[in-house]
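[1] build the 3D model from these lines:
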Amino acid sequence: QVQLVESGGGLVQAGGSLRLSCAASGRTFSSYAMGWFRQAPGKERDMVAAISWSAGSTYYADSVKGRFTISRDNAKNTVYLQMNSLKPEDTAVYYCATTRNPYGSDRFVRRNEYAIWGQGTQVTVSS
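    Coordinates of the predicted model:
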């Protein structure tokens, strides 16, 4: 059974930084794309960043480009989201997710490919 466990959320002032981590277990981590999503109260869950299984390609939502960086460490079965220059509008519950199927050149950018989710971690940015 695949499990994803997020950590690193918290309260930070605008302009500050946080690094989220997501530890995976239960299958071959390096074969699957990983993504970070977020959901603010009353809003849909949106894809924030994603990384391909090979780590050769990444995706960022326009709202976080230049501020957030996704990376993965296959030796540690962990994916990270480094968040810099945080804004109050970044406040949300952040979820780590992985795809249903392995490999694939563009699977990592397909929202409906993500089928396994972590429990989420709260990020609150104060103004």
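[2] show me where the protein has its helices.
    For the chain, helices defined by DSSP state H do not occur.
[3] can you tell me the centre-most residue of the chain?
    residue 36 (1.9 Å; Cα atoms, centre = their mean).
[4] tell me the pLDDT of the residue nearest to residue 14 when sequence neighbours are not counted.
    Once flanking residues are discounted, residue 14 sits nearest to residue 127: 5.3 Å by Cβ to Cβ, 6 or more residues apart in numbering. For glycine as for every other residue, the C-beta is placed from the backbone atoms N, C-alpha and C. Among the per-residue scores, residue 127 shows a pLDDT of 94.
[5] which residues touch stretch 23-30?
    By Cβ atoms under 8 Å, 6 or more residues apart in numbering, the surrounding residues in contact with stretch 23-30 are 1-5, 7, 34, 53, 74, 76-79, 98, 102.
[6] pretty sure residue 34 is touching residue 79, no?
    Yes: between residue 34 and residue 79 there is a contact under Cβ atoms under 8 Å: 4.2 Å.
[7] what touches both of the two?
    22, 24, 51, 70, 72, 96.
[8] one step back: who has more neighbours out of residue 34 and residue 79?
    Per other Cβ atoms under 10 Å, whichever of residue 34 and residue 79 has more neighbours is residue 79, with 30 against 27.
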